[in-house]
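1. next input, structure requested:
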Amino acid sequence: HRCRRMRMPQEGMLLQIDGSHHRWLEDRGPEFTLLVAVDDATGTVPYALFQNEEDTEGYFRLLMGVIERHGIPLALYSDRFIVFRHPSHPGETPEMPIADRGKATQFGRAMREIGVTQIFAHSPEAKGRVERVNGTFQDRLVSELRLADVSSLAEANRVLEIFLPCF
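-> Take a look at the predicted model:
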């Protein structure tokens, strides 16, 4: 039967990942970035963390958190941020094989080694699920951090650990 051959989206198949720069602590502390992974099939957030900035180390920490709790995803869907892929060069097209698009980033090489496919969005709208989560967190999570009187990155990550399972 043809329907049996179609692979329906399942939890853990595709994660959308993104960073959200925001004044998470309002005026109580420094500005930093929330790195978040959203399961494309379920809309759940398997892991997130606050970092000083959006960088390779932070995305490695994000993926380690996901892997430790839920296993290795099949694919990651992200923007074209420099952590995920080198800037385009003249003549590059989306249809070109990854091998022909220049050298992989450190993050890209690591994903290839563990068998995770990287898919790059062509617009912010394409990453709708993770963008909606970022918007929701900029409202709800800021309120939670305010109620907890959080004023540091470390305190924010402790509140986030409690917030995520409830979300």
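2. in the chain, what spans have low per-residue confidence?
-> Residues of the chain meeting the criterion pLDDT under 70: 1-9, 87-102, 123-126.
3. recalculate using a threshold of 50.
-> In the predicted model, the chain carries pLDDT under 50 at residues 1, 96, 98-100.
4. show me where it has its strands.
-> With DSSP state E as the criterion, the chain has strands at 14-22, 32-39, 47-51, 75-78, 117-120.
5. dump those strands into TSV; add mean neighbour count and distance to residue 109 as well.
-> The way it works is simple: take the backbone N, C-alpha and C, and place the C-beta from them, glycine included. Formatted as TSV, the strands of the chain follow (neighbours: other C-beta atoms under 10 Å; distance: least, C-beta to C-beta, whole Å):
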stretch	mean neighbour count	distance to residue 109
strand 14-22	22	17
strand 32-39	23	19
strand 47-51	22	21
strand 75-78	21	14
strand 117-120	15	11
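6. need those in CSV with distance to residue 86, can you?
-> As requested, the strands of the chain are exported to CSV (distance: least, C-beta to C-beta, whole Å):
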stretch, distance to residue 86
strand 14-22, 18
strand 32-39, 20
strand 47-51, 21
strand 75-78, 14
strand 117-120, 11
